[in-house]
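Undergrad: Using only what follows, build the 3D model:
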Amino acid sequence: ISSRVIDELIDSKGVSGREGSKTSLFRRSCPVRLSLKITLSVLIVLHLLTAFDEKQAYCQPQQQTQTVTASPIGTTDFTQYWSAFNLLQEGANPYDGDLMHKKQLTVGQRPEATVLMWNPPWTPLLLAPILIFPFSLSANVWTIINILFLVGAIIITSNLTGSKRIFYLGLAAVSFLPALETIQLGQLSLLLAVAMMFGSYLVVRKRDLGAGAAFSILTIKPHLFFLLIVPVLIWLKSSGRYRIVVGFILTFLAMLIATALLWPSAIQWWLHALTVEPSGPGAVSMVNWRTATLTTQLRSLISFFTGNIPTWPIWFVPTVSFLAVASYFFRLGSIKWQRQAAPLICLSLGLGSYGWFFDQAVLLPFYLLLVGYALCSHEASATKRSLFFSLLSIQLFALLLGFFPNVEQATYFWLPFAFCAVWLKYERLFCSR
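TA: This is a model prediction of the structure:
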């Protein structure tokens, strides 16, 4: 419906003769039409999901967990970044849960809840051009930017794969639930996905300094990419492209210096917050998080038999995974990013200390690449149908889980592993290209 409405709005400007031919060209190539369609479609889907959440909360108010803020879309987690930036501007500690709670109360936070920011203090620095506005405006702007990230990923995928079937790429993007979750909560995962995608594009174009600068954005959530460290070092040694490291270090140092100059105590506050119990109503310590990782499942399993929740899997599982990946690539001696990048990030998400369902949105570039290359591949139709069925099955199963009672973030630990299996099975559709 949204596509038809936008078509009518744009096509109604067409006239016969010379101007008509210009409009015909506009119809065939204008990216504005695509952006409008995807933006409107995403907003409609998010509105329906939000309406469902509100209905559930009304029926079961005692289970309501969503933050009540100025807008139902794009505010729940975004409030932590806006509050942190404003506290920093006031010279206050954004890692103090009590101060965060007081600030969040001014924008509609529930009295019994506090959303803490655990990201490093250069996170609000990167978002400062958005966070300087009043909360409602900032949240709406960030929601629009997140949707534009989605549109940008679709357009980049179309250019990389040569697929002109934008409608199907858009449909794949809108059906990728972690991306929708990111937009709905006002999270940062799509920023990370686009930074990774853009950095990889610059690597292919041999613009190494820019690639390093783009990759430095990933430091706001480095735990999502920890298994890439050793393969990247091996690749840098074999390729000799150390300008990527220079670009990364220079940009990272610039962020550190700017943070230290603007907010001298911010980095110290952040490091201290990682070692103490959080304050503030409803604040939960990181060791008690139940995230969408195999680490959380192992802790739950041990707790089921012993009655105690151990903390050692938080460091043990990532450490063993890191050493296993390092050993494998040291023996292999070579890196083929087009095949190995996606599995490494899938494993980083599934085997890390922490990782939420919305963090899995960093897999969006690989999800779209699979679809894009499949659409323009000469493989048999049965193979393509099998791929699309596999991807659709993962998303539908994840969606259906949300309708069951007491479903939490930890329930979705399986999704990165499922996508990794699909990637490894169908990589032949594009690895030769």
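Undergrad: measure residue 87 to residue 102 for me?
TA: Distance, residue 87 to residue 102, by C-beta to C-beta, to the nearest Å: 9 Å. All C-beta spots, glycine's among them, are computed from the backbone N, C-alpha and C.
Undergrad: Check residue 375 too.
TA: In terms of C-beta to C-beta, residue 375 sits 51 Å off from residue 102.
Undergrad: What strand or helix carries residue 330?
TA: For residue 330, the enclosing helix or strand under DSSP states H and E is helix 313-332.
Undergrad: could you say what helices and strands that helix packs with?
TA: With contacts taken as 3 or more C-beta pairs under 8 Å, 6 or more residues apart in numbering; DSSP states H and E, helix 313-332 sits against helix 229-239, helix 294-306, helix 337-351.
Undergrad: Buried deepest among those, which one?
TA: helix 337-351 (a mean of 22; mean count of other C-beta atoms under 10 Å).
Undergrad: other SSEs contacting it?
TA: Helix 337-351 packs on helix 229-239, helix 294-306, helix 313-332, helix 364-375, helix 415-426, going by 3+ C-beta pairs under 8 Å, 6+ apart.
Undergrad: With neighbour numbers in mind, choose between residue 87 and residue 102.
TA: residue 87 (23 against 16; other C-beta atoms under 10 Å).
Undergrad: among the helices and strands packed on helix 313-332, which is nearest residue 393?
TA: With distances scored as C-beta to C-beta, the stretch of the helices and strands packed on helix 313-332 nearest to residue 393 is helix 337-351 (16.7 Å).
Undergrad: can you give me the mean pLDDT across the closest one?
TA: Average pLDDT, helix 337-351: 94.
Undergrad: Can you list the neighbours in contact with it?
TA: Applying C-beta atoms under 8 Å, 6 or more residues apart in numbering, the contact partners of helix 337-351 are 200, 223-228, 231, 235, 292-295, 317-318, 321, 325, 355, 359-360, 362-363, 366, 413, 416-417, 419-420, 423-424, 427, 430-431.
Undergrad: buried subset of the residues you listed?
TA: Among these, those classed as buried by 16 or more other C-beta atoms under 10 Å are 200, 224-228, 231, 235, 292-295, 317-318, 321, 325, 355, 359-360, 362-363, 366, 413, 416, 419-420, 423, 427, 430.
Undergrad: thinking again about what came up before, mean pLDDT and distance to residue 109 for the helices and strands packed on helix 337-351 - can I get that in CSV?
TA: Formatted as CSV, the helices and strands packed on helix 337-351 follow (pLDDT from 0 to 100; distance: least, C-beta to C-beta, whole Å):
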stretch, mean pLDDT, distance to residue 109
helix 229-239, 94, 37
helix 294-306, 95, 26
helix 313-332, 95, 28
helix 364-375, 89, 29
helix 415-426, 94, 29
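Undergrad: mind checking which of those helices is nearest residue 159?
TA: helix 364-375 (9.5 Å).
Undergrad: how far out from the middle of the chain is that closest one?
TA: The chain centre lies 16 Å from the centre of helix 364-375; the measure is C-alpha atoms, centre = their mean, to the nearest Å.
Undergrad: Residue 353: what's its closest spatial neighbour, skipping adjacent residues?
TA: Computed as C-beta to C-beta, 6 or more residues apart in numbering, the closest residue to residue 353 that is not its neighbour in sequence is residue 314, at 4.8 Å.
Undergrad: pretty sure that neighbour is touching residue 302, no?
TA: No. Assessed by C-beta atoms under 8 Å, residue 314 is found out of contact with residue 302, at 12.0 Å.
Undergrad: count of residues packed around residue 258?
TA: 14.
Undergrad: can you check residue 425 too?
TA: 13.
Undergrad: Use 53 as the first number for this chain going forward.
TA: Okay, using 53 as the starting number, the last item reads as residue 477.
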